[in-house]
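Enquirer: Provided below for reference: sequence and predicted model.
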Amino acid sequence: MITSRLLPELTARLTAAAHTRAAACPCGITTTLADRPDALLVRHGHTVAKAHAPDTDPAALTRRLTTAAGVPGVLLPPLHPTPVDLHGRLVTFWPYGTPVDPDDPDRAPWEAAAALLARLHRTPAPAGLPTARGPAEAARAVARLRETGPHPATAPVLRAWAALPAWARAEAPMPDTATLCHGDLHLGQLVRHPAPEGPWLLIDVDDLGTGVPAWDLARPAAWYACGLLPPGEWDRFLTAYRAAGGPAVPAHGDPWAALDVPARALTVQSAARAIAKAAAAGRPLDEVEQCLVDACARMASVPPPLTRGNPT
């Protein structure tokens, strides 16, 4: 298993990087924060090392790191502008930040997330930045679903996917190629830095790029539409984004002409991942997962509207 070969050297590199930032080790402990096929994250003191997905493009990741370093106060900057290669995995180093507490939903930083997104979307995108990977990640989730094998929940998800425009399925260029986007916004992508009570910043540059800014609002929009995010929290997020001058939705009135297609795509992506995960575990869908599948069934019966951001 690659993690078993990668972890010792990654830990050694991380420890060395942490000790260049502090004369004395602040904790003496190395902790694995995440170990997934697409990411291995390890923390030592105030420093985090991330081994990116095996298929990560070095040039694209370097451009994304450079962009993150150039948007202070919005994106957490990397400690080094270029990744290193360890056993075929690109590794980057970051300052540690305090994540959102998943056990305290009443303190979820919706307003901070919205304001950061608005600032990001108003930042001129640097030349040569890759396309944001949101649609590509949705397409990858659907591809994995197709590889999962027969499942009773698959059909409505694939019907909802087929009804989306080509750009939302990563089969055509996105209609916006100038706006700087995060590409995978959710509350797990925010940290306080400096830890523990510094300002909120966005993390994870793997999907950063140019694209349709409404995609960055799509996950909370989808959860709200599915009944999984309370209306009050959605209103806090949308209101804060508009107040900060975010360009993804109109400043007033109905935002759904801009949000409908990205929200549908994120619903399909979430449902596809849920089915694949449940099938791999040999268990039935839980209540939240079933809500996502049910939403796909409803979506398939009502085609997305044709708008400026939804070309045929």
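Expert: Yep, it's here.

Enquirer: may I have the phi/psi pair for residue 173?
Expert: Main-chain torsions, residue 173, degrees, to the nearest 10: phi -60, psi 150.

Enquirer: what residues are up against the residue nearest to it when sequence neighbours are not counted?
Expert: What sits nearest to residue 173 in space, not counting adjacent residues and going by C-beta to C-beta, 6 or more residues apart in numbering, is residue 167, at 6.4 Å. Quick note: C-beta positions are derived from backbone N, CA and C, even for glycine. Neighbouring residues of residue 167 by C-beta atoms under 8 Å, 6 or more residues apart in numbering: 135, 173, 174, 175, 212, 311.

Enquirer: which residues in the stretch 201-312 of the chain form strands?
Expert: For the stretch 201-312 of the chain, the strands defined by DSSP state E, counting those that start in this stretch occupy 209-210.

Enquirer: flag the shaky bits of it, pLDDT-wise.
Expert: Applying pLDDT under 70 to the stretch 201-312 of the chain flags residues 306-312.

Enquirer: just give me the residue closest to the centre of this protein.
Expert: residue 184 (2.0 Å; C-alpha atoms, centre = their mean).

Enquirer: so that one makes contact with residue 204?
Expert: Yes - using C-beta atoms under 8 Å, residue 184 is in contact with residue 204, at 6.4 Å.

Enquirer: between these two, which contacts overlap?
Expert: With the criterion set as C-beta under 8 Å, 6+ apart, the contacts of residue 184 and residue 204 do not overlap.

Enquirer: state the pLDDT value of residue 15.
Expert: Listed pLDDT for residue 15 reads 80.

Enquirer: show me what counts as buried in the longest helix along the chain.
Expert: Taking DSSP state H as the criterion, the chain has its longest helix at helix 256-281. By neighbour count on 16 or more other C-beta atoms under 10 Å, the buried set for helix 256-281 is 257-276, 278-279.

Enquirer: one more: stretch 74-81?
Expert: Result for stretch 74-81 [16+ other C-beta under 10 Å]: buried residues 74, 75, 76, 77, 78, 79.

Enquirer: same question, stretch 58-69
Expert: Residues 60, 61, 63, 64, 65, 66, 67, 68, 69 are the ones in stretch 58-69 that count as buried (16+ other C-beta under 10 Å).

Enquirer: ok, these vs residue 5, which is closest?
Expert: Nearest to residue 5 among these: residue 61, at 20.8 Å, using C-beta to C-beta.

Enquirer: list phi and psi for that closest one.
Expert: Dihedral angles for residue 61 - degrees, to the nearest 10 - are phi -60, psi -40.

Enquirer: gap between residue 206 and residue 233?
Expert: Using C-beta to C-beta, to the nearest Å, residue 206 is found at 26 Å from residue 233.

Enquirer: neighbour count winner among those two?
Expert: Comparing residue 206 with residue 233 by other C-beta atoms under 10 Å, the one with more neighbours is residue 206, at 19 against 16.

Enquirer: contacts only, for the residue lying closest to that one once chain neighbours are set aside.
Expert: Nearest residue to residue 206, sequence neighbours excluded (C-beta to C-beta, 6+ apart): residue 52, at 6.5 Å. Contact analysis of residue 52 by C-beta under 8 Å, 6+ apart lists 38, 39, 61, 83, 89, 90, 91, 92, 206.

Enquirer: measure residue 52 to residue 43 for me?
Expert: Separation of residue 52 from residue 43 (C-beta to C-beta): 16 Å.

Enquirer: so is residue 32 in a helix, a strand, or just coil?
Expert: strand (DSSP: H, G, I helix; E, B strand; the rest coil).

Enquirer: show me the contacts for it.
Expert: 7, 40, 41, 42, 43.

Enquirer: pretty sure the second one contacts residue 9?
Expert: Just to be clear, that refers to residue 40. No - in this structure residue 40 lies outside contact range of residue 9 using C-beta under 8 Å: 11.5 Å.

Enquirer: which of those two has more neighbours?
Expert: Taking neighbours as other C-beta under 10 Å, residue 40 and residue 9 compare with residue 40 leading, 23 against 12.

Enquirer: show me what contacts the more buried one?
Expert: Applying C-beta under 8 Å, 6+ apart, the residues near residue 40 are 3, 6, 7, 10, 32, 34, 50, 51, 89.
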